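Participant: Predicted model, plus sequence, below.
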Protein chains: 4
Amino acid sequence: MASNSFGSIFRFTTWGESHGEAIGCVVDGCPSLIPLSEADIQPFLDKRKPGQNKFTTQRREADEVKILSGVFNGKTTGTPISLIIYNEDQKSKDYGDIAEKYRPGHADYTYQMKYGIRDHRGGGRSSARETAMRVAAGAIAHKILASAGITLQGYMVQMGDDAIDRTHFDAAQIEQNPFWCPDAEAAARWEAKLDAARKDGSSLGAIIEVVANGVPIGLGEPIYDKLDSDLARAMMSINAVKAVEIGDGFAAASLRGEENADSMRKGESGVEFQSNHAGGILGGISSGQPVIVRFAVKPTSSILTPVETVNKSGENTDIVTKGRHDPCVGIRAVPVGEAMMASVLADHLLRFKSYR
Amino acid sequence: MASNSFGSIFRFTTWGESHGEAIGCVVDGCPSLIPLSEADIQPFLDKRKPGQNKFTTQRREADEVKILSGVFNGKTTGTPISLIIYNEDQKSKDYGDIAEKYRPGHADYTYQMKYGIRDHRGGGRSSARETAMRVAAGAIAHKILASAGITLQGYMVQMGDDAIDRTHFDAAQIEQNPFWCPDAEAAARWEAKLDAARKDGSSLGAIIEVVANGVPIGLGEPIYDKLDSDLARAMMSINAVKAVEIGDGFAAASLRGEENADSMRKGESGVEFQSNHAGGILGGISSGQPVIVRFAVKPTSSILTPVETVNKSGENTDIVTKGRHDPCVGIRAVPVGEAMMASVLADHLLRFKSYR
Amino acid sequence: MASNSFGSIFRFTTWGESHGEAIGCVVDGCPSLIPLSEADIQPFLDKRKPGQNKFTTQRREADEVKILSGVFNGKTTGTPISLIIYNEDQKSKDYGDIAEKYRPGHADYTYQMKYGIRDHRGGGRSSARETAMRVAAGAIAHKILASAGITLQGYMVQMGDDAIDRTHFDAAQIEQNPFWCPDAEAAARWEAKLDAARKDGSSLGAIIEVVANGVPIGLGEPIYDKLDSDLARAMMSINAVKAVEIGDGFAAASLRGEENADSMRKGESGVEFQSNHAGGILGGISSGQPVIVRFAVKPTSSILTPVETVNKSGENTDIVTKGRHDPCVGIRAVPVGEAMMASVLADHLLRFKSYR
Amino acid sequence: MASNSFGSIFRFTTWGESHGEAIGCVVDGCPSLIPLSEADIQPFLDKRKPGQNKFTTQRREADEVKILSGVFNGKTTGTPISLIIYNEDQKSKDYGDIAEKYRPGHADYTYQMKYGIRDHRGGGRSSARETAMRVAAGAIAHKILASAGITLQGYMVQMGDDAIDRTHFDAAQIEQNPFWCPDAEAAARWEAKLDAARKDGSSLGAIIEVVANGVPIGLGEPIYDKLDSDLARAMMSINAVKAVEIGDGFAAASLRGEENADSMRKGESGVEFQSNHAGGILGGISSGQPVIVRFAVKPTSSILTPVETVNKSGENTDIVTKGRHDPCVGIRAVPVGEAMMASVLADHLLRFKSYR
């Protein structure tokens, strides 16, 4: 069933397999007259791009995006924007083992059972390579948000079992280390830990946080298209994500009612909240406070440590997933999480306009 | 924008305010020839019904559901099933305070800002009363699942900061205490704690787990309608829910790759997994293992402890939310979580059929 | 599959069978703060109501609509509006023949084959009674359109093979005869013809035209949600409708390019078209001219003349459809066509706002 | 708003402008394991391709389609199928006049007013070039239908005001003339008439019929996704189409009830209908008879005869649309109509499966 599209008014559809000829997406519903060129999208892709350091896969691709439609004389026209990235690296690899064996933690087995066939080259459609097109679509969403004064930023708050110290939080640090980590000390620890995990043929998980500022009051549609519901769906649709929370999230369960309530006071420019346990969303609708979402990424399943599995004939075997794999896929999940949040917010911003 | 519907093939639309004349839902897309009467739905509503003990609101309503369409001679006809519950209790209350002041933690403020108007009677549309119709729709979903051998059960695994001991897990206990708690010792502790919180004019949060058994391999549509994405959206759309996780969820971030991988072995009746960190979903598709979802419910915002807030004129004031309120809304979230999971699974079961 | 809903932003879902307990609809996506009460809806239902003269079915029902949700203090709140009409007349009839035999021209056979069951009472869900709820939803759409200065009117332009004379067109006549006919002479002829057909135990078809004025430039979404595509779908979804055309419609096929082109001139208040062959829609987008749609209604299939058919066992038999039936269902299709057009325009009006 | 997609389970999204770098589509929801290569799609495109004779535009393009994703080892994988055609001819033309003046009958004016910008090169997104991708998507739909024994064929039944003689109908003739005309004598007349119109700098309209055979009973979803509603929407979404009818269509309005009823008899292999006024659809559901749809195409608006219009500044002027234009766009509408009908049927075939 058609399921490769995301969003309602601002809606994108992605296509393409990891090692097919190209990957792409069609962004539909973008308003007209927004200045747009490849130069607006490429920096977001570069942020996600593999091969940048020893902690991301060594697959070296230019990942150069091309706009094929929807832009005329440097501006969007309101028609669908088609984006494409040609895969340069698709022929060099030997997939013998992946073709015959199911990698535990991967979608190999479920795709094969569901469809009776799968494109095993590099994971095919289930590969994290698909997320490059989310980032491309998200770059367009960012342009829509920027025109409304909305900004957002993602960063890693935990690698493996090692969380940042919130008192060390320094936004300026985020782009200063390979982990998008706002705590310089944590970043230093993570570097050593991830290096050790990589050398062990193992991998680490991560927790990512994305915060949007400038979100106006009123985004989100009760009851089933709540802003938090759509954010939860968006984040959980990212490869390897296993958990999502808004504001205090699971920790809210341990608070008492009076601790959790974000009390309100008259402020200089209107109502002010005195805390933000709710993460900027009340009843599914943005409250004007920063919108805060957090999600967990499991450790990479593709590791050099042998794991027990079965082959396509159902016989027992072991698998070692060689090749170029990130020891912590959570790193690249940062720009992907930003893109998904940008897309959800852009969609709800446009939905909101139909009321006014 | 139309946003009061949930699901694609199996799709329900709810309507009604807490203290309006009635609440209801329309269930569209239910297959024909399924035996159905009010007696199939009422037990699920009774499980959620308020006024059953001192831990749920004393609002006493029969909550008697009536089928208005879509059933003929005791069987579904494939046409929309309209369900209605008349509100018996809607006129007795004085809402003066809620009408004039915004309750922190509630949707009062965001509804007013978004719509310029709100039905303040008992929270109107944003009241947890809406979830009664989710439970009614879920009861129909259960009938569809039952015909495919799928069953599911929810229970509370943490109240406030007090979690169950997993080694005490006893499914037979779940219906033996007011908390749907599978750990008899925890249930005893919770009773004392919740009673204390209630007497303090405070409230407690909770964590709920729902597990589905018998889910066939192949449910869930990559990339954006993954089974876990849809479950995350479903759970996060429930009032007061702030977090959702699948399988190991946030804990997966702390595992190493080889710990998190659910290895596979040849079993008597096909492939067997040796663990279930993934919660029964790989690449967004069910793996044949139990599907496990967990969500956090914040403490009730309606408490007797005064909280700082503003009134409709933007002036500072305090609010004490009198009336009948559950000290732990997580209790009633158990049947609601079951209903949402049943609806997601029924929808994906029907979607899956279009492939075969 | 869920298919009882119509529209995207302004979206209604209808439910109920002809002789069930009630029929109803849920209107979702209506903006807030629109004054609304039953008195705004009832006149539209009265216009469609059966039993008004000898040319519409003698089923006498008050068809009194009740608003169950979504309105507070006389204004819409932005939450779903639930409407209900209780069927007063549902128990009096003997359906033996319809239960056992398939009425040619009706949906009896296809419903039975598709669903394996059907509610045969009065045609069940396939009855024209369903259209009452379209009219109710359309009344709300009219309120939205009115606030934007859009008005619309339907009328019958042909009964059987007898068309009006366009030179006699007099809008004031439309409400002066039972046929919503703008040509007084044609109305007089039709009265005699329809009376004769009724006495013969036969029925007549009709062609209806609906025109909207004041539609702003820009409604309609290329490529697949064009304004004309959505109007075609809307009209074709009405019971007994077999054809739809926009502007000159089929006649356009016989024109030459220079005849069909609506040339443009500079006018006092902007661009003016010198003709309207296109029916107010160019490239799927409204041009600012009147939007003109026309549709054909087949003759009522329920007639007293015996027709050859088969019964549920597949054996040959004849059927005479006794009971109260309109000899020309086209009469009641006039307000239904207006309602569908109003709903399409209201939806596109709201969609259009998301661009601005 | 996102509106460049068509279908629900079988769903395609098209993108691209007439003279942009490429056009393409993404077909989502195609079942897996269907043999598919470019060779399955190209013949359908060749049928529609311009430049084949003097009656279709002289734009000469290879229109060579390329599959970029969704197919592995010659079979569909269940993932989205991306198709692309590079525009070879996009740079050669001078669009000065179209850029500055609005062509009557075209979407120039409405696009400009709606979006505040338009890609005027060759009509941009509103060009009939977009329909090439409908044909490509339709080719995949044909593969799905073929596996269920469903076939369909389109042909022209009227050019200008000259209709075929139904007693001359010979399916073998359809591919023997440039008009897909099943009446050899009509084809001969049309050739002379169209040649004359072309020389006059004028153009002719047309009426197209498409018939599907082998459609099983039960396709179509009441009430708003009826098979006929979806066909009407599909056909009306094609450029230049102004009218759609099912079965007898408008002519049904002139029949009496007993004439219009398709009576039923016991046949050798089940129920047999004795006529097909209904066009194979009853109550929105296929009856097992051939499904018959007909649509009108207006005469080409791009003609050499000068037409009065205004320019972008709103000043009066005349326009002569030079360049390569079909004197009867109805010719190329035949394969497009087939593609849209194939897509609607494939979608409903897959939807139907979810019931079984």
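Facilitator: Done, it's in. Numbers count the residues shown, from 1 in each chain, chains lettered A, B, ... in the order given.
Participant: burial measure for residue A:196, as a count.
Facilitator: Residue neighbour count, defined by other Cβ atoms under 10 Å in any protein chain shown, stands at 12 for residue A:196. Backbone N, C-alpha and C define where each C-beta goes, glycine included.
Participant: now it, what's its secondary structure?
Facilitator: Three-state secondary structure (criterion: DSSP: H, G, I helix; E, B strand; the rest coil) places residue A:196 in helix.
Participant: need the contact list for it.
Facilitator: Applying Cβ atoms under 8 Å, 6 or more residues apart in numbering or on different chains, we find residue A:196 in contact with no residue.
Participant: Look up how far chain D lies from it.
Facilitator: Spatial separation of residue A:196 from chain D under the definition Cβ to the nearest Cβ, to the nearest Å is 37 Å.
Participant: Roughly how far does that residue sit from residue A:189?
Facilitator: The span separating residue A:196 from residue A:189 equals 11 Å under the rule Cβ to Cβ, to the nearest Å.
Participant: so residue A:320 makes contact with residue A:306?
Facilitator: Yes - assessed by Cβ atoms under 8 Å, residue A:320 is found in contact with residue A:306 at 5.0 Å.
Participant: Not counting residues beside it along the chain, what's closest to residue A:210?
Facilitator: Among residues not flanking residue A:210 along the chain, residue A:154 sits closest, at 4.0 Å (Cβ to Cβ, 6 or more residues apart in numbering or on different chains).
Participant: quick one, what contacts the residue nearest to residue A:223 when sequence neighbours are not counted?
Facilitator: Counting by Cβ to Cβ, 6+ apart, the nearest residue to residue A:223 once its immediate chain neighbours are dropped is residue B:4, at 5.3 Å. Contact analysis of residue B:4 by Cβ under 8 Å, 6+ apart lists A:222-224, B:13-15, C:26, C:28, C:79-80.
Participant: Over to residue A:163?
Facilitator: When the contact criterion is Cβ under 8 Å, 6+ apart, the partners of residue A:163 are A:157, A:186, A:207.
Participant: Pull the number of nearby residues for the second one.
Facilitator: Applying other Cβ under 10 Å, we find 22 other residues in the vicinity of residue A:186.
Participant: Going along the chain from the helix or strand of chain A with the lowest mean pLDDT, find the next helix or strand for me.
Facilitator: For chain A, the helix or strand with the lowest mean confidence is helix A:96-100, at a mean of 81 (criterion: mean pLDDT, DSSP states H and E). Note on helix A:96-100: by DSSP states H and E, the next helix or strand toward the C-terminus is helix A:108-115.
Participant: Does chain B have contacts with that following helix?
Facilitator: Yes - judged by Cβ under 8 Å from any Cβ of the partner chain, helix A:108-115 comes into contact with chain B at A:109-111, A:113-115.
Participant: and that helix, is it in reach of chain D?
Facilitator: Yes - counting by Cβ under 8 Å from any Cβ, contacts between helix A:108-115 and chain D involve A:114-115.
Participant: what mean pLDDT does whichever helix or strand comes after that helix have?
Facilitator: Proceeding N to C from helix A:108-115, the next assigned helix or strand is helix A:131-146, under DSSP H and E. Across helix A:131-146, the average pLDDT comes to 98.
Participant: by contact count, what packs against helix A:131-146?
Facilitator: Contact partners of helix A:131-146 among helices and strands, from 3 or more Cβ pairs under 8 Å, 6 or more residues apart in numbering or on different chains; DSSP states H and E: strand A:11-15, strand A:22-28, helix A:38-48, strand A:81-86, helix A:330-353.
Participant: Report the angle between that helix and strand A:22-28.
Facilitator: Counting by axes from the mean of the first three to the mean of the last three Cα atoms, to 10 degrees, helix A:131-146 lies at 30 degrees to strand A:22-28.
Participant: Could you measure from residue A:341 over to chain B?
Facilitator: Plainly put, residue A:341 is 14 Å away from chain B if you go by Cβ to the nearest Cβ.
Participant: One more: residue A:350?
Facilitator: When Cβ to the nearest Cβ is the yardstick, residue A:350 and chain B sit 10 Å from each other.
Participant: Might one say that that residue is in contact with residue A:10?
Facilitator: Yes - assessed by Cβ under 8 Å, residue A:350 is found in contact with residue A:10 at 5.6 Å.
Participant: List the buried residues for stretch A:210-224?
Facilitator: Buried residues in stretch A:210-224, counting neighbours by 16 or more other Cβ atoms under 10 Å in any protein chain shown, are found at A:210-212, A:215, A:217-224.
Participant: Compute the first-to-last residue distance for stretch A:16-36.
Facilitator: With Cα to Cα, to the nearest Å as the measure, stretch A:16-36 spans 23 Å from end to end.
Participant: For residue A:234, give me its contacts.
Facilitator: Shown in contact with residue A:234 (Cβ under 8 Å, 6+ apart): A:6, A:340-341, A:343-344, B:229.
Participant: Quick check on it: phi, psi?
Facilitator: With angles defined as degrees, to the nearest 10, residue A:234 sits at phi -60, psi -50.
Participant: Tell me where the stretch 251-356 of chain A has helices.
Facilitator: All helices of the stretch 251-356 of chain A, identified by DSSP state H, counting those that start in this stretch, fall at A:257-260, A:330-353.
Participant: And the last one, how far out from the chain middle?
Facilitator: Put simply, helix A:330-353 sits 8 Å off its chain's centre (Cα atoms, centre = their mean, to the nearest Å).
Participant: that older thread, and of the contacts of residue A:234, the nearest to residue D:330?
Facilitator: Within the contacts of residue A:234, distances to residue D:330 taken as Cβ to Cβ reach their minimum at residue A:6, with 38.0 Å.
Participant: What residues does the closest one make contact with?
Facilitator: Applying Cβ under 8 Å, 6+ apart, we find residue A:6 in contact with A:12-13, A:134, A:137, A:234, A:237, A:343, B:224.
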